[in-house]
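Asker: I'd like to go over a predicted model; first the sequence, then the structure.
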Amino acid sequence: MKKSHTAQELADFVGAKLHGDATLHITNVASLDLAGPSDASFLANPLYNEMMKKSQAGIVCVDKSAEIIKGKTYLITEDPSLAFQKIAEFFLKDKNPTHTGFEAIHPSAVIHPSAQIGTDVNIGPHVVIARDVIIGKGASILGSSFISQGVQIGNDCVIFPGVTIREECILGNRVTLQPGAVIGSCGFGFATDKKNNTHKKLDHLGNVILEDDVEIGANTTIDRARFKTTLIKKGTKIDNLVQLGHNVEVGENVIIVSQSGIAGSSTVGNNVVIGGQVGVAGHLKITNNVQIASQSGISKNLTTPGPYRGSPAIPMDQYNRRAVLVRRLEKLYARVENLENLILKD
């Protein structure tokens, strides 16, 4: 039987102001276009105002600026996306993606006798746990993941299928690794023999540390340091298909979006947002509270907080002024050509 909660109960749960039918029963969540009368949905982007007006959703989470339509029920809050997320987690908490049906330690898992496994740990089919691994309580390691020697995994971590954690890497508490993530692969370092133009691989003897509440996206790779540590600090969230080179340090509560890359030994400050397909050259420093627009290229240190865009990246207001000038070039060229023609006629 589906859970059912009234609009008033949901408003109280997320701390929102209720507008509409307080007795309306909600049993699920859905997007605006798919939601029905018993579903909750949300509007966080004004681009979808028209969709919201046509939506059949029983309840819509909105902010104070949203247009209120007579006869509909709303939860009005400062952050409708966050309110909706809380409702979604409330309704879907029994659909935990780690509850695969394989509980405790699957008999096909291969675990070295020296490994230390905490209480309430789930280890799925065909997982390999190497020597001297330490796994904290409540961790879930799903099928076909490989945990190499000397790895430490904190409490309540979730490691989805096909993850590789290389030797001596350390995960804090509540770390999530999405499918296919590789933590601690060798850095891309080679010494070139100028006599015969061959490339000799440089050993990488360090590790990777992921602090508490870090999430790493699917098929993202984080290289181990050459000697010390590649460090991702607490609360940072990294999207799918991101590459972080050896010795990189990423600060607290950073967001890095898909297909971005940070070359070796660069440092990213706290509360930085890096858009998709951004490239950061090696040995650079990005200060706290920087926002970098998608497809930008970082070729020098960014020492002032604020938004940047372009390749090479420059402050956003400067980029916008240049963009306006570029759009005017065609007209400017025509004016210059006309002036040249007038001069030639004289």
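Answerer: The structure has been received and is ready for your questions.

Asker: ok, R226 to S266 distance?
Answerer: Distance of R226 to S266, computed by Cβ to Cβ, to the nearest Å: 14 Å. Using the backbone N, CA and C atoms, a C-beta is placed for each residue, glycine as well.

Asker: likewise I68?
Answerer: 47 Å.

Asker: Settle it for me: which of these two has more neighbours?
Answerer: Using other Cβ atoms under 10 Å as the criterion, I68 and S266 rank with S266 on top: 21 against 12.

Asker: Could you find the closest non-adjacent residue to that one?
Answerer: Nearest-residue entry for S266: L284, 4.6 Å, with adjacent residues in sequence omitted and distances by Cβ to Cβ, 6 or more residues apart in numbering.

Asker: what's around A218, how many residues?
Answerer: Close neighbours of A218, defined as other Cβ under 10 Å, add up to 17.

Asker: Next, the distance between the ends of stretch 26-43.
Answerer: For stretch 26-43, the first-to-last residue distance is 17 Å (Cα to Cα, to the nearest Å).

Asker: next one: it to chain centre, how far?
Answerer: Relative to its parent chain, stretch 26-43 has a centroid offset of 25 Å by Cα atoms, centre = their mean, to the nearest Å.

Asker: Which positions within that stretch qualify as buried?
Answerer: 26-30, 32, 35, 38-43 (16 or more other Cβ atoms under 10 Å).

Asker: Got the domain ranges for the chain?
Answerer: Domain assignment for the chain by automatic domain parsing gives 5-92, 110-315, 316-346.

Asker: deepest of these, which one?
Answerer: Ranked by mean neighbour count, these are led by domain 110-315 with a mean of 19 (mean count of other Cβ atoms under 10 Å).

Asker: give me the low-pLDDT residue ranges for the protein?
Answerer: Scanning the chain for pLDDT under 70 picks out 1-2, 94, 346.

Asker: Grab the longest helix from this protein for me.
Answerer: If you go by DSSP state H, the chain has its longest helix at helix 329-345.

Asker: residues in contact with G172?
Answerer: Residues counted as contacts of G172 (Cβ atoms under 8 Å, 6 or more residues apart in numbering) are 154, 209-214, 234.

Asker: For it, which non-adjacent residue is closest in space?
Answerer: Spatial nearest neighbour of G172, chain neighbours left out: D212 (4.0 Å); criterion: Cβ to Cβ, 6+ apart.

Asker: Over to T221?
Answerer: Counting by Cβ to Cβ, 6+ apart, T221 lies nearest to V182, which is 4.5 Å off, once chain neighbours are set aside.

Asker: check contacts around that neighbour.
Answerer: 163-164, 166, 219-222.

Asker: Roughly how far does it sit from K285?
Answerer: In terms of Cβ to Cβ, V182 sits 26 Å off from K285.

Asker: same deal with L142?
Answerer: For L142, the distance to K285 equals 37 Å [Cβ to Cβ].

Asker: how near is I135 to E103?
Answerer: 16 Å.
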